[in-house]
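Colleague: Dropping a prediction and its sequence here:
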Amino acid sequence: MAAAPLAQSEHFALHGIAWPWPPEAETLPRGPGPWLGLVVSRRGARRAVTRNLIKRQARAVAALHPPPPGAWVLRLKRGWPTSEFPSAASRALRRAVRAELMWLLRDRLPQRLAGLKETDR
């Protein structure tokens, strides 16, 4: 990603742009609500089971705490250590992924967007 992430955590980076609200009919061809793209590479999660777990958790957290309408890309920056999580899809890994995504989407992204709105004034 060429642009700097809007919000990031230890393992994830969130890139994107919020659309103006209310949307204007001629601005962009898009549907209502946010678009979410997920980039989970083999470099960050070797096993397909782990990559699928991360993507499922990201979709679930985004459904609970959706970002504002816009185009968003959630990228896995680095994987979890296999010494701490030897199983490809353990409950502990699921909880760790979900907790970090909750913090990123529920807490950190709104703070960053509020800070950007204040600097635009």
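Modeller: That came through, no problem. Numbers count the residues shown, from 1 in each chain.
Colleague: Could you give the average pLDDT over stretch 34-54?
Modeller: With pLDDT averaged residue by residue, stretch 34-54 scores 94.
Colleague: So which residue is dead centre in this structure?
Modeller: L74 (3.5 Å; C-alpha atoms, centre = their mean).
Colleague: so that residue is in which element?
Modeller: Using DSSP states H and E, the element containing L74 is strand 70-76.
Colleague: That strand pairs with which strands, parallel or anti?
Modeller: strand 12-18 (antiparallel), strand 35-39 (parallel) (DSSP bridges).
Colleague: Can you list the buried residues in the shortest one?
Modeller: Buried residues in strand 35-39, counting neighbours by 16 or more other C-beta atoms under 10 Å, are found at L36, L38. Any C-beta I mention is one placed from the backbone N, CA and C, and that applies to glycine too.
Colleague: Show me what it is in contact with.
Modeller: For strand 35-39, contacts defined as C-beta atoms under 8 Å, 6 or more residues apart in numbering pick out 54-55, 58-59, 62, 67, 70-76.
Colleague: Export only the CA atoms of it, formatted as CSV.
Modeller: Output in CSV follows, covering the C-alpha atoms of strand 35-39 (Å, rounded to 0.1, in the frame of the first residue of the first chain):
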residue,chain,number,x,y,z
TRP,A,35,-16.4,-2.0,1.5
LEU,A,36,-13.9,-4.2,3.3
GLY,A,37,-11.0,-5.9,1.6
LEU,A,38,-8.7,-8.3,3.4
VAL,A,39,-5.1,-9.0,2.7
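Colleague: which other residues reach the following helix or strand past that strand?
Modeller: Proceeding N to C from strand 35-39, the next assigned helix or strand is helix 48-64, under DSSP H and E. If you take C-beta under 8 Å, 6+ apart as the criterion, helix 48-64 is touched by 34, 36, 38, 40, 42, 45, 74, 76, 79, 88-89, 93-94, 97-98, 101-102, 105-106.
Colleague: Mind checking which of those are buried?
Modeller: Here, 16+ other C-beta under 10 Å leaves 34, 36, 38, 40, 45, 74, 76, 79, 88, 93, 97-98, 101-102, 105 buried among these.
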